[in-house]
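Q: sequence first, predicted model second:
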Amino acid sequence: MDTYEPHLYELSAPGKHGANLPGLDVPETPLPAALLRQDDMNDFPSLTEPEVIRHYTRISQRNYAIDTGFYPLGSCTMKYNPKLHEEAARLPGFAAAHPLQDAGLSQGALQLMYELQEYLGEISGFDAVSLQPAAGAQGEFAGILTFRAYHLDRNDPQRIEVLVPDAAHGTNPATAAMAGFKVVEVKSDARGNVDLDDLKAKLSPRTVGMMLTNPNTLGLFEEHIVEVARLVHEAGGLMYGDGANFNAILGIAKPGELGFDFMHYNLHKTFTTPHGGGGPGSGAVGCTAALAPFLPGPRVRRDASGAYELFIPEKSIGRLKVFHGNFGMLVRAWTYIRSLGAAGLREVSEIAVLNANYVRAMLKDLYPQAVDRICMHETVLKGQIAGAQGVRTLDIAKRLIDYGFHPPTVYFPLIVPEALMIEPTETESKRTLDAFIQAMRQIAREAVETPDLLHQAPTKAPVRRLDEVRAARQPVLRYDAEAFARIREEAPR
Ligand SMILES: *Cc1c(COP(=O)(O)O)cnc(C)c1O
């Protein structure tokens, strides 16, 4: 943005204020000295209400969001979040419930949690569900701690290795390492499946289990899933399902029937709760009856009289989150499932897969496919455009911003050079997909004819290309007049 926008601290002046409190109509009573604030409050800017409103509204408008446009960020399932869910989550009986209120006063909220447990179990083919974890990554942690508890309970303590494919999301190896295990990488084969020979070579009596995403991060259904699960189980290991890609198979395949023992659901991805701003999410988990006693709690069950109550499973790995997980997300997911019904959920996946394949088919002549196969709900292409000199996937992604689109996920999965991972989701119209396809094809032409347009992009965004590494390593999170002046000075115009 070329026009200079003062920060709130620069607009601050003594005496400005944004609140008009009514005059005192009770006798004035001095506060006890111990309750009085001792340090001065000059750290806070003094501002009028319109200044504050304009500041926050302006910066909110700089954000790209699913409510403003197409957001094909692969693996993140940025589908449109129906506003009905917001209304449900704001019902006072849910929004204003206190997490410590008595079960007798919380039957509605507990019923919703119970039903969501049941629905998720049914959709995925698992016997038991816990709604505790706050995100997919925490669901993974719950799963691997559950595997550890299960093996220890069976007096099988030598299992210390977790198998993770080379295509996996970074949270998978991070989870295994955080749980204290050794990560053993398993190669992918030329069709994008787990390499069965490599898997066999790496299974042993030390195997805790395997973490697998299906469809995997190449957007491909694991063709040997039944065989993979059989091999892992034969070695005494357990199968962890990373459910981030569940949007591809709702109502079509059940992970519990494919051989998985445990899985997390990213409710904020598949079951539409708003995400992308960093939270809150929900990484509910489901598992087989054999693992159910170890699940994190509390879970919800019905007592003999039919009333809903919270309980901690008998050998539980414990709590992962205060109270009942991110309850507002549970309300949204419940609303989504109930408003679509079984047939609607299946249709979600059918259209998600159709949309991804449409984009794939319309772009693969210009952007080579990572693996030449029909995809599931997302497709991984490569930003290697024939005849383009010195153009990288990053340039293509930045140029898309100039065309008004959020870029796809780039450089993931790590095994695909110059990866462009496109997940259109089912909530986009053919018109939107066609506009995106047209922009991508135009960019491919520019890459050959006018590559500088790509190197300079974005030119139409509030800021130009950012130094992302420096932003991560030296974040400026508080107002600092000198730092702001320096950043403004250095910013490209
Ligand atoms: C998003 C994602 C995760 C992690 O889920 P969070 O909810 O972001 O913690 C794990 N695996 C895959 C494949 C993902 O896409």
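A: Sure, I can see it.
Q: ok, now which ones touch Glu185?
A: Counting by C-beta atoms under 8 Å, 6 or more residues apart in numbering, Glu185 touches Leu163, Val164, Pro165, Asp166, Pro173. Just so you know, the C-beta spots here come from the backbone N, C-alpha and C atoms, and that holds for glycine as well.
Q: list phi and psi for Val162.
A: phi -110, psi 130 (degrees, to the nearest 10).
Q: again, but for Leu420
A: Torsion angles, degrees, to the nearest 10, at Leu420: phi -130, psi 110.
Q: looking at it, it is touching Glu378, isn't it?
A: No - Leu420 is not in contact with Glu378 according to C-beta atoms under 8 Å; the separation is 10.6 Å.
Q: give me the more crowded residue out of those two.
A: Glu378 (32 against 27; other C-beta atoms under 10 Å).
Q: OK, contacts around that one?
A: Glu378 sits in contact with Gly74, Ser75, Pro215, Gly219, Asn245, Ala248, Ala356, Met421, Ile422, Glu423, Pro424, where contact means C-beta under 8 Å, 6+ apart.
Q: how about TSV for the residues you listed, with secondary structure, pLDDT and distance to Leu366 added?
A: TSV is the format used below for those (DSSP: H, G, I helix; E, B strand; the rest coil; pLDDT from 0 to 100; distance: C-beta to C-beta, whole Å):
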residue	secondary structure	pLDDT	distance to Leu366
Gly74	coil	96	18
Ser75	coil	95	22
Pro215	coil	97	24
Gly219	coil	98	18
Asn245	coil	98	25
Ala248	helix	98	24
Ala356	helix	98	17
Met421	strand	98	16
Ile422	strand	98	13
Glu423	coil	98	19
Pro424	coil	98	17
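Q: now these in a markdown table, with neighbour count?
A: Shown next, in a markdown table, are the contacts of Glu378 (neighbours: other C-beta atoms under 10 Å):
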| residue | neighbour count |
| --- | --- |
| Gly74 | 27 |
| Ser75 | 22 |
| Pro215 | 23 |
| Gly219 | 31 |
| Asn245 | 28 |
| Ala248 | 25 |
| Ala356 | 27 |
| Met421 | 24 |
| Ile422 | 24 |
| Glu423 | 30 |
| Pro424 | 29 |
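Q: how about a markdown table for the residues you listed, with distance to the ligand added?
A: Formatted as a markdown table, those follow (distance: C-beta to the nearest ligand atom, whole Å):
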| residue | distance to the ligand |
| --- | --- |
| Gly74 | 8 |
| Ser75 | 3 |
| Pro215 | 10 |
| Gly219 | 11 |
| Asn245 | 6 |
| Ala248 | 12 |
| Ala356 | 15 |
| Met421 | 10 |
| Ile422 | 14 |
| Glu423 | 9 |
| Pro424 | 15 |
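Q: how long is stretch 400-411 from one end to the other?
A: With C-alpha to C-alpha, to the nearest Å as the measure, stretch 400-411 spans 16 Å from end to end.
Q: related to what we said a few turns ago, most neighbours among the contacts of Glu185, which one is it?
A: For the contacts of Glu185, the largest number of neighbours (other C-beta under 10 Å) sits with Leu163, at 29 neighbours.
Q: quick check: the gap between that residue and the ligand.
A: In this view, Leu163 and the ligand are 16 Å apart by C-beta to the nearest ligand atom, to the nearest Å.
Q: which stretches of this protein aren't confidently modelled?
A: 1-4, 42, 277-279, 491-493 (pLDDT under 70).
Q: that one: strands as residue ranges?
A: Assigned by DSSP state E, the chain shows strands spanning 128-130, 161-165, 182-186, 207-213, 238-243, 262-265, 285-287, 299-302, 308-311, 379-382, 409-410, 419-422.
Q: for the second one, name the packing helices and strands.
A: When you say that, I think you mean strand 161-165. For strand 161-165, the packing partners by 3 or more C-beta pairs under 8 Å, 6 or more residues apart in numbering; DSSP states H and E come out as helix 171-178, strand 182-186, helix 196-202, strand 207-213.
Q: within its sheet, name the partner strands of it and how each one runs.
A: Strand pairing for strand 161-165, using DSSP bridges, gives strand 182-186 (parallel), strand 207-213 (parallel).
Q: in TSV, list the ones you listed along with distance to Leu477.
A: As requested, the strands paired with strand 161-165 are exported to TSV (distance: least, C-beta to C-beta, whole Å):
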stretch	distance to Leu477
strand 182-186	32
strand 207-213	33
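Q: single out the most deeply packed of those strands.
A: Comparing the strands paired with strand 161-165 by mean neighbour count (mean count of other C-beta atoms under 10 Å), strand 207-213 comes out on top with a mean of 26.
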